[in-house]
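Asks: Predicted coordinates and the sequence they were generated for:
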Amino acid sequence: MYLNKAMIYGNLTRDPEMKALPSGMNVTSFSLATNRRYKDRDGNYQDAVDYHNVVVFGRQAETVNQYLKKGSGAFVEGRMQTRSWEKDGQKHYRTEIVADRVQFGPRPGGGDGGAGAAPAAASTGGDTPAAPATPDYPEEDINPEDIPF
């Protein structure tokens, strides 16, 4: 069995660029920066940044192009792919993530991407935002005999 799965969360390093393929399908490309912190041999913390090229197709490409901008946070799930082409007699390679799903991170400025709790609280005159709704849990207890293992 083989597995080709990539999951990253980071910030866009540039605005997304959308193009149309000859077939008419939209394709959007952007890059994400991911940060990591580690301890070196001397025990000092070091910061490292990795940059990832991401490609999105179809309706999701339009949505990404419309809502994401440089600096926006995004969680990307997809597969790794390396393309190659020849230009001026030289072979070029590009490794990218072909996204299956892109989830938008928190909006800059503290909003949640929609009609956020802070604007709603301000419009009603409340001092604190409303508590998030709790999920509906089943009323009945779990029967241990129903568990398959």
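Replies: Alright, I've got the coordinates.

Asks: what residue ranges in the chain score low on pLDDT?
Replies: Residue ranges of the chain with pLDDT under 70: 108-144, 146-149.

Asks: all strands for it, in order.
Replies: For the chain, applying DSSP state E gives strands covering 6-12, 17-20, 26-39, 45-57, 73-87, 90-104.

Asks: how about these in TSV, adding mean neighbour count and distance to Glu145?
Replies: Glycine gets a C-beta too; all of them are placed from N, C-alpha and C. Shown next, in TSV, are the strands of the chain (neighbours: other CB atoms under 10 Å; distance: least, CB to CB, whole Å):
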stretch	mean neighbour count	distance to Glu145
strand 6-12	16	36
strand 17-20	12	54
strand 26-39	15	45
strand 45-57	14	46
strand 73-87	13	36
strand 90-104	14	37
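
Asks: Include distance to Val64 when you put the ones you listed into a markdown table, please.
Replies: Below are those laid out as a markdown table (distance: least, CB to CB, whole Å):
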| stretch | distance to Val64 |
| --- | --- |
| strand 6-12 | 9 |
| strand 17-20 | 8 |
| strand 26-39 | 5 |
| strand 45-57 | 5 |
| strand 73-87 | 8 |
| strand 90-104 | 5 |
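
Asks: is Ser31 in a bridge, and if so with what?
Replies: Beta-bridge pairing of Ser31 under DSSP bridges involves Asn53.

Asks: how far away is the residue nearest the centre of the chain from Ala99?
Replies: The chain has Phe75 as the residue nearest its centroid, 1.9 Å off, counting by CA atoms, centre = their mean. Between Phe75 and Ala99 the distance is 10 Å, computed by CB to CB, to the nearest Å.
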